[in-house]
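Engineer: Could you work out the structure for the sequence below:
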Amino acid sequence: GEIADCYPDRPAGVASIVAALQTAASAAAAELGIYLVDGRLVAPEIAIADPLAAAASNWHVLARLAAAVAKCDRGLLVDVGSTTTDILRFDQRRPLPLATDDAGRMASGELVYTGIERTPLAALVRSLPLAGCRRPLAAEFYARAQDAWLLLGGLPENAASGDTADGRPATREGARGRLAHQMLLEPAAVSLDQATRAAERPAAVQVRLVARAIRRVLAREGRAPERVVLSGHGTMLATRALEQAGVSAPVICLEERLGGA
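Structural biologist: As a prediction, the model looks like this:
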């Protein structure tokens with residue numbers, strides 16, 4: 001949250017978020033600890049005084065959980081969320097990151113700014129295949145990666161959710177209309193089968209991006225992982241990327257091991 005554009009910089013974002021957490025904790029008569037990227041839980045005042053250590057530290061604690069679950073000397077975490085993908089090596093006890101800040105992690109391949117829901121379709125591809133030709137896309141926010149994966153079965157439909165590019169239901173039928181809109185076509189001009197075939201192209205681009213990052217991260221050690229831990233709801237994207245990257249280690253899905261909640 002601290003990199004949201006309503007904040008001028010990370011320190012301001014961290015201070016605002018920690019203040020909100022303090023208000024909530026006070027109302028619940030609860031003690032509040034803030035997790036830092038070095039693995040410590042500290043008082044809010046310490047986090048505010050060292051905001052860059054508090055910023056975006058969720059990947060670190062998730063990798064610690066992966067290490068505790070996998071119990072191996074060479075593990076790999078692949079966490080595909082709505083907006084980003086985290087790729088991290090770990091050993092028996094701790095994460096083994098190549099960088100600890102967002103910019104460094106993105107440069108190393110450990111942070112891939114592509115996710116299974118929020119990535120704009122036009123940021124992935126410039127055209128979609130339709131009826132034997134390539135249709136150019138408008139450089140607008142009319143459809144997201146979510147629509148591609150809804151059509152391909154990588155995300156469950158949720159007719160009650162309006163968390164989509166156009167605020168309409170998160171269903172395959174809704175995704176069909178959004179893909180048509182991205183091509184500036186009327187929804188009736190694109191069938192469900194055509195939309196599903198078109199969705200394979202942006203999905204393949206995301207798979208390629210994540211697979212390339214997996215190979216980069218693993219190349220630093222030069223040895224294959226003993227186990228892979230999957231987290232997040234982008235399991236289909238993660239599985240395809242691991243296969244493309246040539247990773248064949250046993251897979252542990254955190255959701256299956258620990259439960260969805």
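
Engineer: who's in contact with the least confident helix or strand in the chain by mean pLDDT?
Structural biologist: Sorting the helices and strands of the chain by mean pLDDT, DSSP states H and E puts helix 254-258 at the bottom, at a mean of 92. When contacts are defined by C-beta atoms under 8 Å, 6 or more residues apart in numbering, helix 254-258 is touched by residues 65-66, 69, 229-231, 233, 235. All C-beta atoms are positioned from the backbone trio N, CA, C, and that covers glycine.

Engineer: Ok, stretch 227-245 next?
Structural biologist: Under the criterion C-beta under 8 Å, 6+ apart, residues 62, 66, 69-70, 72, 75-82, 85, 115-116, 149, 152-155, 203, 206-208, 210-212, 214-215, 218, 247, 249-255 lie in contact with stretch 227-245.

Engineer: Could you tell me which of the residues you listed count as buried?
Structural biologist: Buried subset of these (neighbour count, 16 or more other C-beta atoms under 10 Å): 62, 66, 69-70, 72, 75-82, 85, 115-116, 149, 152, 154-155, 203, 206-207, 210-211, 214-215, 218, 247, 249, 251-252, 254.

Engineer: Can you pull the poorly scored residue ranges out of the chain?
Structural biologist: Scanning the chain for pLDDT under 70 picks out nothing.

Engineer: State whether residue 92 and residue 72 are indeed in contact, as I suppose.
Structural biologist: Yes - using C-beta atoms under 8 Å, residue 92 makes contact with residue 72 at a distance of 7.0 Å.

Engineer: Residue 86 belongs to a strand?
Structural biologist: Yes - under DSSP: H, G, I helix; E, B strand; the rest coil, residue 86 sits within a strand.

Engineer: so who does it touch?
Structural biologist: 59, 62-63, 77-79, 105, 110-112.

Engineer: Kindly report the same for residue 177.
Structural biologist: Contact partners of residue 177, counting by C-beta under 8 Å, 6+ apart, are 166, 168, 187.
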